[in-house]
Every structure is written in C-alpha cells, then in structure tokens.
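S.K.: Predicted model and sequence follow; I will ask about them next.
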Amino acid sequence: MERTVSKQPRRGTAEDDPQLLRLRAQAQMNGGVVPVPFLGTTWQQRGPAYWRRRIGAVVLFVFLTIFVGAFAVAFTLGILEGTGHGPLGVVLAVLYDLTAVLGFGYGLRAVAKAPVIGRAWMPRVVVPIGCLAFVLMPFDTGLCLAMLLSMFGRDFMGEARARQITASIRRA
C-alpha cells in the first residue's frame, strides 16, 4: 500500500503562519522583496529615495510623539485640576499616565514583528476611534516613543526582518 504525501503545510509550522504568508504575498507583488513600512523596497539599495523616506518617517514620528504627548500631559493636568489636586486625583493621574508603559511595551513588540504589525482585521492603536483617543493618549505616546527610538538604529524598523524573510523566500 502506497503512502501519499500531502502538499498542504502541517498546522503549527512556519508555512501556515498567516504573517509569513502575507509577507510572501507582498514579496511576490514587489519582485520578490518584502516591503518595509515607510520604506517600501528601497531598503535594498539605501539610495537617496531610502534616506528621504527614512528621514521623513523619523520627522513624522517626532511630530506625532510630541502631538500625542502634549495631549496626554494636558489630560493629566485636567485630571489633577478637576479633582483639586487631592490624593484621588494624583492616583488617577498616575494610573492614567502608567498606560504609557503599556504602550511602550506594545510598541517594542510591534517593532519586533515588523514589517507586519498586527492583523488586518484589528483596529490600529495609533488612530483610535472617537472618545477612545482621549483615553489612550499616554498609551499612544509610549507606542510612538518605542517606534521612534527603533528608527535610530543602523537598520530601520522591520528592515532586518525583511532582509531575513526575503532571503528565505529566495532560497525556497
């Protein structure tokens, strides 16, 4: 009796990882190169287009971090003023601002997963809907700060992982 070997990937292997499948699809649409957020496929040559995009992304995130951080500070001051600087107000303000630590941790995890961040069906944290924006200002500040800091390394956010995945796709 002959055994037939299935061409379907086994569950739990790298072949059925949705992020890897999405990256492979993106690479096929871009000539076998995995695009990086903000940089596209310019990361391969690091020419003038690469540096324009990289500097533009850093400038954007500097302004975004300052903007969101200013709102977080204003909300914190509003909490303190609204409670008359009492102990409850101080505790609420500190708890509100501690969400920045959660945002920073989320940002570090997102940077580690780049070039694919999150899932397509999930709302983006940077652009929350409605009143949620006000609640998440410190969280967004931490997220923006983590992403901004990751942009100052030798490799841009997601560039090293894109290089590894592109090489593995070309080997396969």
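M.R.: Sure, I can see it.
S.K.: Work out which residue lies at the spatial centre of this structure.
M.R.: Ala110 (4.1 Å; Cα atoms, centre = their mean).
S.K.: tell me which element that residue falls in.
M.R.: According to DSSP states H and E, Ala110 maps onto helix 87-113.
S.K.: what's the next secondary structure element after the lowest-mean-pLDDT helix or strand in the chain?
M.R.: Lowest by mean pLDDT, DSSP states H and E among the helices and strands of the chain is helix 132-135, with a mean of 69. Going down the chain from helix 132-135, the next helix or strand is helix 137-150, by DSSP H and E.
S.K.: circling back: and the pLDDT at the residue nearest to the centre of the chain?
M.R.: Confidence at Ala110, expressed as pLDDT, is 84.
S.K.: Does it touch Cys144 like I think?
M.R.: No. Look at Ala110 against Cys144 with Cβ atoms under 8 Å: they stay out of range, at 11.0 Å. C-betas here are computed from N, CA, C, even on glycine.
S.K.: returning to that earlier point: tell me what the helix holding Ala110 is packed against?
M.R.: Using 3 or more Cβ pairs under 8 Å, 6 or more residues apart in numbering; DSSP states H and E, the elements in contact with helix 87-113 are helix 48-82, helix 137-150.
S.K.: Of the ones you listed, which is nearest Gly158?
M.R.: Comparison of those against Gly158 by Cβ to Cβ identifies helix 137-150 as nearest, at 8.8 Å.
S.K.: Now do the helix holding Ala110 and helix 137-150, the angle between them.
M.R.: Relative orientation of helix 87-113 versus helix 137-150 (axes from the mean of the first three to the mean of the last three Cα atoms, to 10 degrees): 40 degrees.
S.K.: No more questions from me, cheers.
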